[in-house]
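K.L.:
structure for the following, please:
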Amino acid sequence: MTKVNSLRHPKTTIILYGNYYPINLMPKKIRTRIAPSPTGNLHLGTARAALFNYLFAKQQGGAFILRIEDTDLKRSAKKFEQNIIDGFLWLGILWDEGPDPQKPEKYIGNLGPYRQTQRNYQPHIEKLLKEKKAFWCWHSKEELETEKQLQLKNKEPQRHLCAHFIDGQPQGNKEPGIIRLKNNGGQIKFGDLIRGKIEFDTSLLGDISIARDKQTPLYNLAVVIDDAEMEISHVIRGEDHISNTPKQILIYQALGLDIPKFAHLPLLLGPDRAKLSKRHGATSITEFRDQGYLPEALVNFMALLGWNPGDQREIFSLEQLTSEFSLAQVHKGGAVVNLDKLKSINSFYLKQKSPEDLRQEAGIPKNIPLKAVRLAQERATTLAETASLATAIIKESDYEQKLLLWKESTAPEIKKNLKVAYQILNALSEQSFATEELKAVLLPAAEKTGDRGAFLWPLRVALSGKKQSPPPFDLAEIWGKQKSLKKIKQAIDKLK
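P.N.:
Now for the predicted structure:
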């Protein structure tokens, strides 16, 4: 007669509070990682998580690892892997171990491979099966779906629990199944480095799916083995992974592996406080780069998505962040992606550049004067805006006579003021056509009219041909004496 038994151990409580770790826990050296899946371009959320892992490791003299989780063979692509690598390089978030930036097919580091598809998980899976901590579950998809619908109807947690085993295998049909970890129930309590004490009732999880077969682990088993073999000391990731943590702790325990410390970052939210998605605008690092944001500005901005230094400062270099970052100052609540703040930060970094460097980075043609670049630099929030404004400043534009008129001023009054401006500028040397010198002679003349606007507005329109433009002093410097006088003469003629 076949013996029927549960093969389940007594319920246990795993307590991992704060810095207290009872057994088999944590190597001494600080080692963090980011493990993106190459199924799409590098996302802002992944880049922010990478930055926090990088800062935490570097601050404490540790190592930061890049691992590629490429087991989703249908969706993974080399172009996305390259996009991820290029994105981190552009941001300056450099890894100590992982794919070689120069030859991504090779690795830097001794604890690889750094791609999941190249790691052998079979010995770990066979160990769990041999020690009867895992088992083949032969329940069909139809049986599991029926169980799921019943749990939904009864408003119960969705889980699958194989209650009885025959000779170490659960009862059921013999269709291809999956490998599950036996879950003995009980409590798991651990100290999250951001959220404090977290507690789970593991009986709500059921028996955990861990592998499709002996060679193909599912996510929770693969990530545990990867982190253990790479000696990861701290797992710093998004709060959407909190539900995976108790499952992974059970797997760590079953395999007798060191359990890292956990820290779960707040999710990134759109302005409507919904989870950040493409409907909110740019979400990939490539999109932000193409829109003209600088890498140093984006790094600065990402650091403020869920963290602050405890004061009102908003500008930080990567070196300053490495010195001042602390997980203790990371918020628990979601971090709203405020693009206005990003533009403000980017504008600050744009202003720190020389016009020559900015011209090159923004792709501004050399025929556009540096003065125009400087004027655009003062007003732009992105590289793209800088190029657009610099080009617009010197673009020749025709305009109607009425644009020259200021409020209630008449055409003869405007014409008179333009003639005065013409005479003043005509008396200057070419070398005097510099902003401050032009201000020195034009502003007193404007004051004498009793209405500065009636003097300066038509002069600005005459020199720009536009309703919106830089001040006339800057425009006159850009055009020089002869062209400025020609434009003023054309404006006077329009008023005939």
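
K.L.:
residue 238 pairs with what?
P.N.:
residue 265 (DSSP bridges).

K.L.:
show me the domain layout of the chain.
P.N.:
278-351, 355-394, 401-494 (automatic domain parsing).

K.L.:
can you list those in a markdown table and add mean pLDDT, mean neighbour count and distance to residue 41?
P.N.:
Placement of C-beta: from N, CA and C, glycine included. Below are those laid out as a markdown table (pLDDT from 0 to 100; neighbours: other C-beta atoms under 10 Å; distance: least, C-beta to C-beta, whole Å):
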| stretch | mean pLDDT | mean neighbour count | distance to residue 41 |
| --- | --- | --- | --- |
| domain 278-351 | 95 | 17 | 4 |
| domain 355-394 | 95 | 18 | 19 |
| domain 401-494 | 95 | 17 | 35 |
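
K.L.:
make JSON lines out of these and add distance to residue 103.
P.N.:
Listed next are the domains of the chain as JSON lines, based on distance: least, C-beta to C-beta, whole Å:
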{"stretch": "domain 278-351", "distance to residue 103": "22"}
{"stretch": "domain 355-394", "distance to residue 103": "28"}
{"stretch": "domain 401-494", "distance to residue 103": "48"}
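
K.L.:
closest to residue 47 out of the ones you listed?
P.N.:
domain 278-351 (5.4 Å; C-beta to C-beta).

K.L.:
what about that closest one, start to end distance?
P.N.:
Start-to-end span of domain 278-351 (C-alpha to C-alpha, to the nearest Å) is 30 Å.

K.L.:
before we move on, back to that, quick one: closest of the domains of the chain to residue 102.
P.N.:
Per C-beta to C-beta, nearest to residue 102 of the domains of the chain: domain 278-351, 19.3 Å.

K.L.:
mind checking the longest helix of the chain?
P.N.:
Ordering each helix of the chain by length in residues (DSSP state H) puts helix 472-494 first.

K.L.:
any idea which of the domains of the chain gets closest to residue 179?
P.N.:
domain 278-351 (34.9 Å).

K.L.:
chain center to the closest one, what's the gap?
P.N.:
Distance, stretch centre to chain centre, for domain 278-351: 8 Å (C-alpha atoms, centre = their mean, to the nearest Å).

K.L.:
again, but for stretch 62-79
P.N.:
That offset, for stretch 62-79, works out to 17 Å (C-alpha atoms, centre = their mean).

K.L.:
ramachandran angles for residue 353?
P.N.:
phi -90, psi 150 (degrees, to the nearest 10).

K.L.:
quick one: residues contacting it.
P.N.:
361, 377 (C-beta atoms under 8 Å, 6 or more residues apart in numbering).

K.L.:
distance of it relative to residue 362?
P.N.:
Counting by C-beta to C-beta, to the nearest Å, the gap from residue 353 to residue 362 is 9 Å.

K.L.:
and residue 38, by the same measure?
P.N.:
31 Å.

K.L.:
can you give me the offset of the host helix or strand of residue 198 from its chain's centre?
P.N.:
Assessed by DSSP states H and E, residue 198 sits inside strand 196-201. Remark: strand 196-201 is offset 28 Å from the chain centroid, using C-alpha atoms, centre = their mean.

K.L.:
hmm, residue 296 is touching residue 318, no?
P.N.:
Yes. Look at residue 296 against residue 318 with C-beta atoms under 8 Å: they come within range, at 7.2 Å.

K.L.:
what sits in contact with each of these two?
P.N.:
Contacts common to residue 296 and residue 318, judged by C-beta under 8 Å, 6+ apart, are residue 92.

K.L.:
before we move on, back to that, show me what the strand holding residue 198 is packed against.
P.N.:
Judged by 3 or more C-beta pairs under 8 Å, 6 or more residues apart in numbering; DSSP states H and E, strand 196-201 is in contact with strand 187-192, helix 245-255.

K.L.:
just checking, which of those sits deepest inside the structure?
P.N.:
The highest mean neighbour count among those, using mean count of other C-beta atoms under 10 Å, belongs to helix 245-255: a mean of 22.

K.L.:
average pLDDT across that one?
P.N.:
Helix 245-255 comes out with an average pLDDT of 96.

K.L.:
cool, and stretch 89-103?
P.N.:
Per-residue scores along stretch 89-103 average to 96.

K.L.:
which residues are contacting it?
P.N.:
34, 47, 50-51, 54, 57, 63-68, 81, 85, 88, 105-112, 114-115, 230, 285, 289, 295-296, 298-299, 318.

K.L.:
low-confidence ranges in the stretch 101-250 of the chain?
P.N.:
Scanning the stretch 101-250 of the chain with the threshold set as pLDDT under 70 gives 140-141, 143-161, 163-176.

K.L.:
which stretches in it count as strands?
P.N.:
Along the stretch 101-250 of the chain, counting by DSSP state E, counting those that start in this stretch, strands occupy 107-108, 134-137, 165-166, 169-170, 178-181, 187-192, 196-201, 208-211, 234-238.

K.L.:
neighbours of residue 230, how many?
P.N.:
Neighbours of residue 230 under the rule other C-beta atoms under 10 Å: 23.

K.L.:
residues contacting it?
P.N.:
31, 33, 65, 67, 97, 111, 112.

K.L.:
same question for residue 36.
P.N.:
Contacts of residue 36 (C-beta under 8 Å, 6+ apart): 42, 46, 50, 68, 69, 84.

K.L.:
swap in 6 Å and give it another go.
P.N.:
Applying C-beta atoms under 6 Å, 6 or more residues apart in numbering, we find residue 36 in contact with 46, 84.

K.L.:
distance of it from residue 343?
P.N.:
27 Å.

K.L.:
try residue 442
P.N.:
32 Å.

K.L.:
same thing with residue 267?
P.N.:
Counting by C-beta to C-beta - residue 267 and residue 343 are separated by 22 Å.

K.L.:
could you do residue 210 as well?
P.N.:
46 Å.

K.L.:
now swap in residue 254 and tell me
P.N.:
The gap separating residue 254 from residue 343 is 50 Å, by C-beta to C-beta.

K.L.:
hmm, back to that, output the strands of the stretch 101-250 of the chain as a markdown table; include the columns distance to residue 323.
P.N.:
Output for the strands of the stretch 101-250 of the chain, formatted as a markdown table (distance: least, C-beta to C-beta, whole Å):
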| stretch | distance to residue 323 |
| --- | --- |
| strand 107-108 | 25 |
| strand 134-137 | 45 |
| strand 165-166 | 56 |
| strand 169-170 | 55 |
| strand 178-181 | 42 |
| strand 187-192 | 24 |
| strand 196-201 | 25 |
| strand 208-211 | 41 |
| strand 234-238 | 18 |
